[in-house]
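With the sequence up front, the predicted model follows.
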Amino acid sequence: MKSAAKYLVACAALAVSWAPIYWMVTIALKREIDQFASPPLWFAFTLTWEHFHDAFFVRSFGREMANSAVVAGGSTVAALLLGVPAAYGLARLQWPGSLGERVGFWILSTRMLPPIVTIVPLFLMMRELRLLNSLLGLALVYTAFNLPFVVWMMRGFFDEIPRELEEAAMVDGETRLGALLRVVLPLSRPGLAATAVFCLIVAWNEFLFALILSQTDASITLPVGIASRVTQYKIEWGSMSAAGVVAMLPVLIFAAAVQKHLVRGLSLGAVKG
Amino acid sequence: MSVVLEDIVKRFGNTVAVDHISLAVEPGEFVVLLGPSGCGKSTLLRIVAGLEAPESGAVRVDGRDVTALEPRDRDLAMVFQNYALYPHMSVAGNIGYPLRVRKRPQAEIDAEVLKVAAKLGLAELLNRRPKELSGGQRQRVALARAIIRRPKAFLMDEPLSNLDARLRVETRFELKHLQHELGAATLYVTHDQAEAMTLAHRIAVMRDGRVLQFDTPFNIYNRPANLFVAGFLGSPSMNFIGLPGNGTTLGVRPEDVEISPVPFEKGQPATVYAAEEMGNETFIRISLPAGERLTARVAADVRPDFDAPVWYRFRAGRTHLFDTKTTEAIQ
């Protein structure tokens, strides 16, 4: 009886979280005339692929998706390249006094303000650098945005790896860098994967900065592209939903691939003091 | 192949971990750093390995000053308390790692790994991962990884402390034989006096970052330089009796306290507080009239009752005298 109640609650929670997704998927597959039928057509409706065709062959969602992929992928790689060594330094090297803790906190503190307050200075900086409406500019911003997250998450993973392993490697003949590359990084692969996916998801879904910093057709990313289908005359629910369905897929796939590590990464430190 | 420490000092914040220590490990010698936790023995070992930098002082390996060198350039091998095996490599990968880092040809590495693995009884386990091994097997892999490259000296940080009691004693013998066979200078850290006594050519007893006595196990046991050394070594530990008036403390080991159920020559009266039968011997705790208690180590067939009257005396020439204030031994 008790477990039946548990399942009931779980199913209710599932229904609540799946309802909008289900609705988006069905709208993407419904003819326009069926989209606002009253009462709503939950299951029985005529299938159509016209919105997908419209989204990717008539509209420019294909290119916007490619832009998103470049920006998200590029910023993730950059954030890892910069953040992993920083995290290692904070986790392992000796800092004078409490400087290590302070630097760590300072890095984290950049995430403590609402993103919108940085929009104006960022816009001005990007304008001066002539990086408005460019994928590079957006990727730079996302890198900066994701960097604290990379540093803190990877630092947690590095902390979990026994120091003695590196020390053994160094006595065995490695430099510190060699020990990092051949002992520490292979052991922190799960953490790297979880961190990378998290960065990808954040960058892939980001809307605010993208909206302000890139406005030309050639440079907008998918979230902005989707939102721009809300026009003065009409809201193109069908193609927006179709693009939304496709945009969801890579995130789903990545998240499923590293699900196990993601949970571990997010609950880090919960078990081991 | 010697290791020489010259006036090493290391501080962590305001704590002095190593306080002006000088020490030499002669070629082929087995030196044990023995002391309670926090005495600085592990820090000293890590300074020799190059994993910590001393504040001042020098480390010489084979006469060469290595104080400023990276761990990898010192040509030492280290065995860690938790073994520090690389979890993502097989046993063979772990053992061969020091040679692989040094870019030796693969054929040579394979041959050496086989040879060392055979010596330590690991030949059947070469394809396993560390997590598939027992504690004793892991310990052997750590040893194998240390000896494969024939380093100038071995550093060992409590390598037996994670083994169960029986395996520890067995491994102790093997370790001793192995060190004799390899003939390499060895610096070994432990808090276990039995390990120190059985393994060492010389023991450095440490406390609070200082070496209190550096001598052979025999001399450390029989001629302790001060109260701490006298009390730290020996089980059960040495009896201490404050002598009234002249500020000295008398020390006598339990095996040097003779007990008799009837009065005997020079015997003093006491009563039995409690007895511990060990099977091969018995430890008797006796209460002196003044309230002090002494432990005596006697034959297994002595089985006194609680509160029974006994007489005791100290074996001639087997007592130690210490200055109570300075704690130093008085010759």
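It's in.

Can you tell me the SS state at residue B:77?
strand (DSSP: H, G, I helix; E, B strand; the rest coil).

Can you give me the distance of it to residue B:95?
Residue B:77 sits 12 Å away from residue B:95, going by Cβ to Cβ, to the nearest Å. (Each C-beta comes from the backbone N, C-alpha and C, glycine too.)

for residue A:257, same thing?
34 Å.

Which one's more surrounded, the two?
More neighbours surround residue B:95 than the other of residue A:257 and residue B:95, with 30 against 12 (other Cβ atoms under 10 Å in any protein chain shown).

ok, and the closest non-adjacent residue to residue B:224?
residue B:230 (3.7 Å; Cβ to Cβ, 6 or more residues apart in numbering or on different chains).

wouldn't the one you found be in contact with residue B:238 here?
Yes. Between residue B:230 and residue B:238 there is a contact under Cβ atoms under 8 Å: 4.9 Å.

Those two - which one has more neighbours?
residue B:230 (27 against 21).

after the helix or strand harbouring that one comes which helix or strand?
Element membership of residue B:230, judged by DSSP states H and E, is helix B:227-232. Going down the chain from helix B:227-232, the next helix or strand is strand B:239-243, by DSSP H and E.

ok, now which ones touch residue B:69?
Residue B:69 makes contact with residue B:50, according to Cβ atoms under 8 Å, 6 or more residues apart in numbering or on different chains.

and it, that one's in a strand?
No. Residue B:69 is assigned coil when assessed by three-state DSSP, not a strand.

now stretch A:206-226: mean pLDDT?
Across stretch A:206-226, pLDDT averages out at 90.

now stretch A:168-181
94.

Same check on stretch B:73-86?
On average, stretch B:73-86 scores 94.

Could you give me the buried positions within that stretch?
B:74-86 (16 or more other Cβ atoms under 10 Å in any protein chain shown).

same thing with stretch A:181-193?
Neighbour-count burial for stretch A:181-193, counted by 16+ other Cβ under 10 Å, picks out A:182-185, A:187-188, A:191-193.

will you turn the residues you listed into TSV that also has distance to residue B:61?
Listed next are the buried residues of stretch A:181-193 as TSV, based on distance: Cβ to Cβ, whole Å:
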residue	distance to residue B:61
A:182	25
A:183	24
A:184	27
A:185	31
A:187	30
A:188	33
A:191	37
A:192	37
A:193	42
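
which among the residues you listed are in contact with chain B?
Among the buried residues of stretch A:181-193, the residues lying close to chain B (Cβ under 8 Å from any Cβ of the partner chain) are A:183, A:187.

end to end, how far does stretch B:289-304 reach?
Using Cα to Cα, to the nearest Å, one end of stretch B:289-304 lies 18 Å from the other.

any residues in contact with both of residue B:230 and residue B:238?
Residues touching both residue B:230 and residue B:238 (Cβ under 8 Å, 6+ apart) are B:224, B:251, B:320.

and residue A:140, how many neighbours?
When neighbours are counted by other Cβ under 10 Å, residue A:140 registers 21.

That one against residue A:125, yeah?
No. Residue A:140 lies out of contact with residue A:125 (Cβ under 8 Å); the separation is 9.6 Å.

Could you report the neighbour count for the closest residue to chain A within the stretch 201-331 of chain B?
Residue nearest to chain A within the stretch 201-331 of chain B (Cβ to the nearest Cβ): residue B:209, separated by 19.4 Å. Using other Cβ under 10 Å, residue B:209 is surrounded by 23 other residues.

list the contacts for it?
Counting by Cβ under 8 Å, 6+ apart, residue B:209 makes contact with B:10, B:16-19, B:21, B:39-40.

Max pairwise distance over those: which two?
Greatest spatial distance among these (Cβ to Cβ): B:10 and B:39, at 12.6 Å.

Would you map the strands across the stretch 101-250 of chain B?
Here the stretch 101-250 of chain B has its strands, by DSSP state E, counting those that start in this stretch, at B:153-157, B:185-190, B:202-207, B:210-215, B:239-243, B:248-252.

so which of those strands gets nearest residue A:33?
strand B:153-157 (77.4 Å).

quick one on the thing from earlier: with distance to residue B:100, neighbour count and pLDDT as new columns, can the shared contacts of residue B:230 and residue B:238 be given to me in JSON lines?
Rendered in JSON lines, the data for these read as follows (distance: Cβ to Cβ, whole Å; neighbours: other Cβ atoms under 10 Å in any protein chain shown; pLDDT from 0 to 100):
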{"residue": "B:224", "distance to residue B:100": "47", "neighbour count": "25", "pLDDT": "97"}
{"residue": "B:251", "distance to residue B:100": "53", "neighbour count": "22", "pLDDT": "95"}
{"residue": "B:320", "distance to residue B:100": "53", "neighbour count": "20", "pLDDT": "95"}
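
ok, those vs residue B:196, which is closest?
residue B:224 (13.3 Å).

I'd say that closest one and residue B:213 touch.
Yes. Using Cβ under 8 Å, residue B:224 is in contact with residue B:213, at 6.9 Å.

so where do the strands sit in chain A?
Along chain A, no stretch is classed among the strands by DSSP state E.

Close to chain B: what parts of it are there?
A:162, A:164-165, A:167-175, A:178, A:183, A:186-187.

Mind doing that once more with 7 Å?
Counting by Cβ under 7 Å from any Cβ of the partner chain, chain A comes close to chain B at A:162, A:164-165, A:167-168, A:170-175, A:183, A:186-187.

what ranges do the helices span in the stretch 101-250 of chain B?
Ranges of helices within the stretch 101-250 of chain B are B:106-119, B:135-147, B:165-182, B:193-199, B:217-222, B:227-232, based on DSSP state H, counting those that start in this stretch.

between those helices, which gets nearest to residue A:14?
Using Cβ to Cβ, the nearest of these to residue A:14 is helix B:135-147, at 45.1 Å.

buried set for the closest one?
So for helix B:135-147, counting by 16+ other Cβ under 10 Å, buried means B:136-147.

quick one on the thing from earlier: pick the one among the buried residues of stretch A:181-193 closest to residue A:48.
Using Cβ to Cβ, the buried residues of stretch A:181-193 come closest to residue A:48 at residue A:193, 38.0 Å.

how much space between that closest one and residue A:254?
Distance from residue A:193 to residue A:254, by Cβ to Cβ: 9 Å.

now residue B:287
Applying Cβ to Cβ to residue B:287 and residue A:254 gives a distance of 75 Å.

all helices of the stretch 1-150 of chain A, in order?
Ranges of helices in the stretch 1-150 of chain A, per DSSP H, counting those that start in this stretch, are A:2-29, A:32-35, A:50-53, A:61-92, A:99-109, A:119-128, A:135-160.

quick revisit: need the contact list for the residue nearest to residue B:224.
B:224, B:238, B:251, B:320 (Cβ atoms under 7 Å, 6 or more residues apart in numbering or on different chains).

still on that earlier bit, will you turn the helices of the stretch 101-250 of chain B into TSV that also has mean pLDDT and distance to residue B:100?
Putting the helices of the stretch 101-250 of chain B into TSV (pLDDT from 0 to 100; distance: least, Cβ to Cβ, whole Å) gives the following:
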stretch	mean pLDDT	distance to residue B:100
helix B:106-119	95	6
helix B:135-147	94	11
helix B:165-182	92	21
helix B:193-199	95	30
helix B:217-222	97	38
helix B:227-232	96	42
